[in-house]
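Next input, structure requested:
(2 chains)
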Amino acid sequence: MGAARTVAALKTAGVVSTLLGAALTCWGGVVLTGRALPPPAAPVNVGAVPPAVPPAMPHTADGGVQPTGLGIPALRISARIRSVGVDARGALRVPSAPHELGWWSGGARPGSAAGRVVVAGHVDTARHGPGALFRLADALPGDEVHVRTADGGLHTYRVVARRLYPKNRLPAQVFARTGPPCLVLITCAGPFDPRTRHYRDNLVVYALPA
Amino acid sequence: MFLRVVFVGAAAVAAVVLMGGPPVSAKVEVEVSEQDRQFLRQAHRGNLTEIAAGKVAQAKGEAEVVRSIGAILVTDHTRLDAALKQTARRLRVSLPSQPAPQEKAVLERVAALSGSAFDQAWIAAMIEGHRMALKLGEQELQAGTSPEVKELATSSAPVIQGHLDQLLKAQETIGTPRAVPAGDGGRAWSQAAKQWHGLGSWALAAGLVLLLAGALMWARPGPWRR
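Numbering: from 1, shown residues only, chains lettered A, B, ... in the order given. Presented below is the predicted three-dimensional model:
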């Protein structure tokens, strides 16, 4: 009697185990063949993006001093900044040297009364490996960002938001020359297409003067 | 207007007669008012500025559209200025040889910039300059006297308006980045992918073990009976 019950229990356990095993095997197979995308480590979009055009605000991105260096102690990021422009196709010329960042010279300067100070850096390059902003995805609201300027000044910002945008739909407000002064850090993120050698998304971190 | 011309003409003739000057200049005095002179001088200075600015743009412009508008400015304003100089010579109006000091200062400040900062500042300065030029022309058409000078203002207006349209269009498209290519290594992705793949491998291994054990328990529950 007891033995028959044990056999039945074992058979049931066997069926459950087989089904569970099959499910795990299938899922593992899908992951390994690259058909499933990893979930982001943490919610990617955090914080509120500072407004670009507040009503009744003088919108001049004049004044301020050209930035020369940037540091984020919490992420152990430290890099030189070079002034960069836009190429004929409208792409920002991000420096390829691994410890160099590009400041968009058409935008605001640190210390200006309005507008975004836009600084972009590679997450990595095929040639040099990890770039200056390799760890930018780990930036959290409250993290301090220090920006050195050409006159020797030091401007401290505090991260307030992080956003992931599809590269081909990068919002124009990221480059706004209006609104309260704001530092914008940009790099690449998201799934990587080894054929085109492009990431799908841009990671944008917003920081306000501390 | 006609009365004023007659009056100015009469006054000029009187002055000429009093001073005993040649009667030829009397005709010139009749036709050219102070407004006409001012227009010729300011428009000439404007042309000089636009030609200089066009050359700077050709040399320093980062965006193709800035360099090409620069070339157009040089060609068109050289042509406009040639016609202007001819009219001025005929009407005996002396012209300055340099752009206005404040316009020159603006151009120098813009030329000191580089990259897209230059492009944006240059376009902004040119838009301002061309709007000013259009206003000067309208002023001349309203208050000017000489038909020849007015004709000059009329014929240059569409050229200047054309430049302004191109500049405004360029201002919308250039300068602001539309894309930020900031990675072609794939490592940031492969790091996340590696962890994910690690998880996948463990799942596969555990799944296979469970599958095997389950099959054994189901097929041969015998050995555990005892």
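
What is the end-to-end distance of stretch A:68-76?
Terminal residues of stretch A:68-76 lie 17 Å apart, using Cα to Cα, to the nearest Å.

list the buried ones in it?
A:68, A:70-72, A:75 (16 or more other Cβ atoms under 10 Å in any protein chain shown). Any C-beta I mention is one placed from the backbone N, CA and C, and that applies to glycine too.

ditto for stretch B:46-53
B:46-53.

What of stretch B:120-129?
B:120-123, B:125-127, B:129.

Could you single out the nearest of those to chain A?
residue B:120 (5.2 Å; Cβ to the nearest Cβ).

Am I right that that closest one is in contact with residue A:107?
No - Residue B:120 lies out of contact with residue A:107 (Cβ atoms under 8 Å); the separation is 9.6 Å.

quick check, nearest of the buried residues of stretch A:68-76 to residue A:90?
residue A:70 (24.0 Å; Cβ to Cβ).

Dump the buried residues of stretch A:68-76 to TSV, plus pLDDT and secondary structure.
Compiled in TSV, the buried residues of stretch A:68-76 are given as follows (pLDDT from 0 to 100; DSSP: H, G, I helix; E, B strand; the rest coil):
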residue	pLDDT	secondary structure
A:68	95	strand
A:70	97	strand
A:71	97	strand
A:72	96	strand
A:75	93	helix
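
Include distance to chain B when you put those residues into a markdown table, please.
Compiled in a markdown table, these are given as follows (distance: Cβ to the nearest Cβ, whole Å):
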| residue | distance to chain B |
| --- | --- |
| A:68 | 15 |
| A:70 | 14 |
| A:71 | 18 |
| A:72 | 16 |
| A:75 | 13 |
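
So which of those is the closest to residue B:37?
residue A:68 (51.1 Å).

which residues of chain A fall in strands?
A:46-47, A:67-72, A:77-84, A:100-104, A:116-120, A:124-125, A:129-130, A:144-149, A:154-166, A:182-193, A:198-209 (DSSP state E).

Distance from the chain centre to the fifth one, please.
It stands for strand A:116-120. 13 Å (Cα atoms, centre = their mean, to the nearest Å).

which of the residues in it are buried?
So, applying 16+ other Cβ under 10 Å, buried residues of strand A:116-120: A:116-120.

which of the residues you listed lies closest to chain B?
The closest of the buried residues of strand A:116-120, once distances to chain B are taken by Cβ to the nearest Cβ, is residue A:120, at 5.1 Å.

hang on, that closest one packs against residue B:179?
No - taking Cβ under 8 Å as the definition, residue A:120 is not a contact partner of residue B:179, at 10.5 Å.

Give the residues shared as contacts by these two.
Common contacts of residue A:120 and residue B:179 (Cβ atoms under 8 Å, 6 or more residues apart in numbering or on different chains): residue A:92.

Can you list the buried residues in the lowest-mean-pLDDT helix or strand in chain A?
Lowest on mean pLDDT, DSSP states H and E among the helices and strands of chain A sits helix A:2-32, with a mean of 84. Buried residues in helix A:2-32, counted by 16+ other Cβ under 10 Å: A:10, A:14, A:17-18, A:21, A:24-25, A:27-28, A:31-32.

Check stretch A:73-89 too.
So for stretch A:73-89, counting by 16+ other Cβ under 10 Å, buried means A:75, A:77, A:79, A:81-87.

Which member of those is positioned nearest chain B?
Distances from chain B to those, taken by Cβ to the nearest Cβ, are shortest for residue A:85, at 3.3 Å.

Give me the distance between the closest one and residue A:118.
To residue A:118, residue A:85 is 12 Å away according to Cβ to Cβ, to the nearest Å.

ok, which stretches of chain B are helices?
B:2-19, B:24-31, B:34-60, B:64-90, B:101-111, B:115-143, B:147-173, B:187-219 (DSSP state H).

and the fourth one with chain A, contact?
This points to helix B:64-90. Yes - applying Cβ under 8 Å from any Cβ of the partner chain, one finds helix B:64-90 in contact with chain A at residue B:64.

chain center to that helix, what's the gap?
15 Å.

what's that helix packed up against?
Counting contacts by 3 or more Cβ pairs under 8 Å, 6 or more residues apart in numbering or on different chains; DSSP states H and E, helix B:64-90 packs against helix B:34-60, helix B:115-143, helix B:147-173.

Out of the ones you listed, the one nearest chain A is which?
Nearest to chain A, of these and by Cβ to the nearest Cβ, is helix B:115-143 at 3.3 Å.

and the angle for that closest one with helix B:34-60?
160 degrees (axes from the mean of the first three to the mean of the last three Cα atoms, to 10 degrees).

okay, the angle between helix B:115-143 and strand A:77-84?
Using the same axes, to 10 degrees: helix B:115-143 against strand A:77-84 is 40 degrees.

Centre of the chain to helix B:115-143, how far?
On Cα atoms, centre = their mean, the centre of helix B:115-143 falls 9 Å from the chain's centre.

cool, and stretch B:207-215?
With Cα atoms, centre = their mean, you get 72 Å for stretch B:207-215.

quick one: it near chain A?
Yes - counting by Cβ under 8 Å from any Cβ, chain A has neighbours in stretch B:207-215: B:207-215.

For burial, what's the neighbour tally of the nearest residue to residue B:145 once chain neighbours are set aside?
Nearest residue to residue B:145 in three dimensions, chain neighbours excluded: residue B:33, at 3.9 Å (Cβ to Cβ, 6 or more residues apart in numbering or on different chains). Neighbour count for residue B:33, taken as other Cβ atoms under 10 Å in any protein chain shown: 19.

can I assume residue B:33 is in contact with residue B:150?
No - Residue B:33 sits out of contact with residue B:150 when judged by Cβ under 8 Å, with a separation of 10.7 Å.

so what sits against both of the two?
With Cβ under 8 Å, 6+ apart as the test, residue B:33 and residue B:150 both reach residue B:144.

which residues does residue A:201 contact?
A:164-167, A:188-191.

The same query, at a cut-off of 10 Å, please.
Residues near residue A:201 by Cβ atoms under 10 Å, 6 or more residues apart in numbering or on different chains: A:44, A:163-170, A:187-191.

List the buried residues of stretch A:158-174.
A:159-165, A:167, A:170, A:174.

Can I get those residues in a markdown table including pLDDT and distance to residue A:95?
Output for the buried residues of stretch A:158-174, formatted as a markdown table (pLDDT from 0 to 100; distance: Cβ to Cβ, whole Å):
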| residue | pLDDT | distance to residue A:95 |
| --- | --- | --- |
| A:159 | 96 | 22 |
| A:160 | 96 | 26 |
| A:161 | 95 | 25 |
| A:162 | 94 | 22 |
| A:163 | 94 | 23 |
| A:164 | 92 | 23 |
| A:165 | 93 | 21 |
| A:167 | 92 | 18 |
| A:170 | 91 | 19 |
| A:174 | 93 | 19 |
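
Nothing else from me, thank you.
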